[in-house]
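A.B. asks: quick check, what structure comes out for this input:
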Amino acid sequence: MKRIYNKYKHHYKDNFHLAYPVVISQLGHTLVGLSDSIIIGHTGKVPWPRFRWA
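C.D. replies: Reported below is the predicted structural model:
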């Protein structure tokens, strides 16, 4: 298993450098959705259906 890792090690580094900005942006989108749900949750039950279609 270690031979395979050492053989493709540089590919893993390249893939990580390409992927980490995407991972960070996805985490940001998730946090924005969570904060939106928390803010709307404090307003009560009536605005929630309007928020889902916005």
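
A.B. asks: okay, Ile4 and His10: tell me how far apart.
C.D. replies: For Ile4, the distance to His10 (C-beta to C-beta, to the nearest Å) stands at 13 Å. Backbone N, C-alpha and C define where each C-beta goes, glycine included.

A.B. asks: apologies, that question was intended for Gly28.
C.D. replies: The gap separating Gly28 from His10 is 29 Å, by C-beta to C-beta.

A.B. asks: what mean pLDDT does the helix or strand Asp14 falls within have?
C.D. replies: Asp14 is part of helix 9-41, with elements assigned from DSSP states H and E. Averaged across helix 9-41, pLDDT comes to 90.

A.B. asks: and that helix, what does it pack against?
C.D. replies: Using 3 or more C-beta pairs under 8 Å, 6 or more residues apart in numbering; DSSP states H and E as the contact criterion, the elements in contact with helix 9-41 are helix 47-53.

A.B. asks: now with 6 Å, please.
C.D. replies: Packed against helix 9-41, as judged by 3 or more C-beta pairs under 6 Å, 6 or more residues apart in numbering; DSSP states H and E, are no other helices or strands.

A.B. asks: give me the distance from it to the chain's centre.
C.D. replies: Relative to its parent chain, helix 9-41 has a centroid offset of 3 Å by C-alpha atoms, centre = their mean, to the nearest Å.

A.B. asks: appreciated, that's everything.
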